[in-house]
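Visitor: got a predicted structure here, sequence first:
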Amino acid sequence: MKKMCEEAEKIMTERFGKDMVIALATVEKGVPCRGINLGYFGKEENHWIAKRMKEVFSEWIDNGHTDFGDENTVILCVELTDG
């Protein structure tokens, strides 16, 4: 069993142990439904939520891997309706 856990840990580290692009899919009534793109992280309208996100996720959000100057760095709003 220990060998199996070591192999699983190795695979997880290889696949998820670094920055990567991910895809997020949501479904509404069985139909794919993407979250709401609030736009560029640094946009004036997003100032309040960007500030809050930096506070809440302070341990990792500003670790040098996120380019807040890139206009493709956006805030994606996902509203949970069931869980």
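Guide: Done, it's in.

Visitor: burial measure for Ile36, as a count.
Guide: 11 (other Cβ atoms under 10 Å). Heads up, the C-betas are built off the backbone N, CA and C, glycines and all.

Visitor: burial count for the closest residue in space to Val27 that isn't next to it in sequence?
Guide: In this structure, Val27 finds its nearest non-sequential neighbour in Cys33, 6.3 Å apart by Cβ to Cβ, 6 or more residues apart in numbering. Here the count is done by other Cβ under 10 Å, and Cys33 has 12 residues near it.

Visitor: do you know the pLDDT at Cys33?
Guide: In this model, Cys33 is scored at 75, pLDDT.

Visitor: let me see the mean pLDDT of the host helix or strand of Met12.
Guide: Using DSSP states H and E, Met12 falls within helix 2-16. Across helix 2-16, the average pLDDT comes to 77.

Visitor: quick one: the residue nearest to Val27 from Val74, how far?
Guide: Cys33 is 17 Å from Val74, where distance means Cβ to Cβ, to the nearest Å.

Visitor: quick one: end-to-end length of stretch 73-80, please.
Guide: Taking Cα to Cα, to the nearest Å, the span from the opening residue of stretch 73-80 to its closing residue is 22 Å.

Visitor: likewise for stretch 11-28?
Guide: Terminal residues of stretch 11-28 lie 32 Å apart, using Cα to Cα.

Visitor: hang on, the earlier thing: my guess is the residue nearest to Val27 contacts Val78. True?
Guide: No: with contacts counted by Cβ atoms under 8 Å, Cys33 stays clear of Val78, the gap being 9.9 Å.

Visitor: give the residues shared as contacts by these two.
Guide: For the pair Cys33 and Val78, residues contacting each of them under the criterion Cβ atoms under 8 Å, 6 or more residues apart in numbering are Thr26.

Visitor: so Asn46 sits right up against Met53, yeah?
Guide: No: Asn46 sits out of contact with Met53 when judged by Cβ under 8 Å, with a separation of 9.2 Å.
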